[in-house]
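S.K.: Sequence and predicted model, in that order:
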Amino acid sequence: MGFVKVCRRDQVPQGEGLRVEHGGEQVALFDVNGELFATADQCTHGAWSLSEGGYLDGDVVECSLHMGKFCVRTGKVKSPPPCQPLKVYPVRVEQSGDVLVDF
Ligand code: FES
């Protein structure tokens, strides 16, 4: 689909997730030491938002429902019960401060 502006850089909180949406697709943005990563917002184990119901520790987000863990860089499962990886999206930050996600 291509890169779409989803928010401004200063809207993404450090150490937490921010949910953004485009065309019905919900994506979680995570700030890991100043670097942004985007994953599907919903845990692959259940209907749970990782941006609102997840804890970010380094580049790993822990789902607070059953404590599954994912790497936000790669989407890979780091700890069960989830067995399916998260979809990850390319992110770009413009000099203007706009954050773009490639849906
Ligand atoms: Fe996320 Fe179960 S819903 S680990």
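M.R.: That came in fine, so what should we check first? Residues are numbered from 1 along each chain as shown.
S.K.: What residues does the protein have near the ligand?
M.R.: The chain comes close to the ligand at residues Cys43, His45, Gly46, Trp48, Cys63, Leu65, His66, Gly68, Pro81, Pro82, as judged by Cβ under 6 Å from any ligand atom. C-beta here means a position set from N, CA and C on the backbone, and glycine is covered the same way.
S.K.: Surely the first one touches Ser64?
M.R.: No - at 9.4 Å, Cys43 does not count as touching Ser64 under the criterion of Cβ atoms under 8 Å.
S.K.: more crowded one of these two?
M.R.: Each of Cys43 and Ser64 has its neighbours counted (other Cβ atoms under 10 Å); Cys43 has more, 26 against 15.
S.K.: is the residue positioned nearest the centre of the chain in a bridge, and if so with what?
M.R.: The centre of the chain sits closest to Ala28, judged by Cα atoms, centre = their mean, with a distance of 3.1 Å. Applying DSSP bridges to Ala28 gives these bridge partners: Arg19, Thr39.
S.K.: Contact partners for it?
M.R.: By Cβ atoms under 8 Å, 6 or more residues apart in numbering, the contact list for Ala28 reads 17-20, 38-41, 49-51, 54, 61, 72.
S.K.: just the strands in this structure please.
M.R.: 3-8, 17-22, 25-32, 35-40, 54-57, 60-63, 69-71, 77-79, 88-89, 91-93, 98-102 (DSSP state E).
S.K.: pLDDT weak spots in the protein?
M.R.: For the chain, no stretch has pLDDT under 70.
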